[in-house]
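Q: The sequence and its predicted three-dimensional model are supplied below.
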Amino acid sequence: MKTLRLIQSDITIQKVDAIVNAANTSLLGGGGVDGVIHRKGGSAILEDCQKIRAKQGGCAIGEAVITTAGLLPSSYVIHTVGPTWQDGQHGEKDLLSQAYLSSLKLAEKYQLKTIAFPNISTGVYHFPKLDAAFIAIETVVDFLKHTVHLEEINFVCFDLENFKIYRQYLAAIDQKQFQVLGI
């Protein structure tokens, strides 16, 4: 049975195959979780990001790329770029779903079993937290039904507000289809 796990913690200490970074299009680090991942992971992450930039010029909104995790306890970092919330009339919801989907497809391609997601776009990108949590969970649940390799998805909430929102949504998940932990 596949597992969804809710955790209130720091994503950089998660012992999973890959953590997902809420990156920006430059892939050069930034604020929030992106900056923390780059700082704690060390120079190897930035070096991999620079190679990706040289090859393809960064990472578009809704897309994802994979690098080493450097000094972090995971093996990889999947960098995805979520949308900046404008007013909900510029495809933001579809782009956020695509960011999760691109990350999941990359994890499946690399035959990863466990990944951890932060709350993409809910910080400085100002995506409404309720909408963002619903999109994240819906996208992950739909994808997880058809995976071969992925077995466990961790939603790692840094703040209590997101944790409570995710807990509410995850409590409604069909426990016959998925094991839901942390709620």
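A: Yes, it's here. Numbers count the residues shown, from 1 in each chain.
Q: The helix or strand encompassing Cys49: how far from the chain's middle?
A: Cys49 belongs to helix 43-56 when assigned by DSSP states H and E. The chain centroid and the centroid of helix 43-56 are separated by 19 Å under Cα atoms, centre = their mean, to the nearest Å.
Q: Name the residues that touch that helix?
A: 26-29, 37-38, 58-59, 65, 67-71, 77, 79 (Cβ atoms under 8 Å, 6 or more residues apart in numbering). Any C-beta I mention is one placed from the backbone N, CA and C, and that applies to glycine too.
Q: go again using 7 Å as the cut-off
A: Contact with helix 43-56 is made by 27-29, 37-38, 65, 67-68, 70, 77, as judged by Cβ atoms under 7 Å, 6 or more residues apart in numbering.
Q: Which strands and helices lie in contact with the longest helix along the chain?
A: Secondary structure assigned by DSSP state H gives helix 92-109 as the longest helix of the chain. In terms of contacts (3 or more Cβ pairs under 7 Å, 6 or more residues apart in numbering; DSSP states H and E), helix 92-109 is packed against strand 64-68, strand 76-80, helix 129-144.
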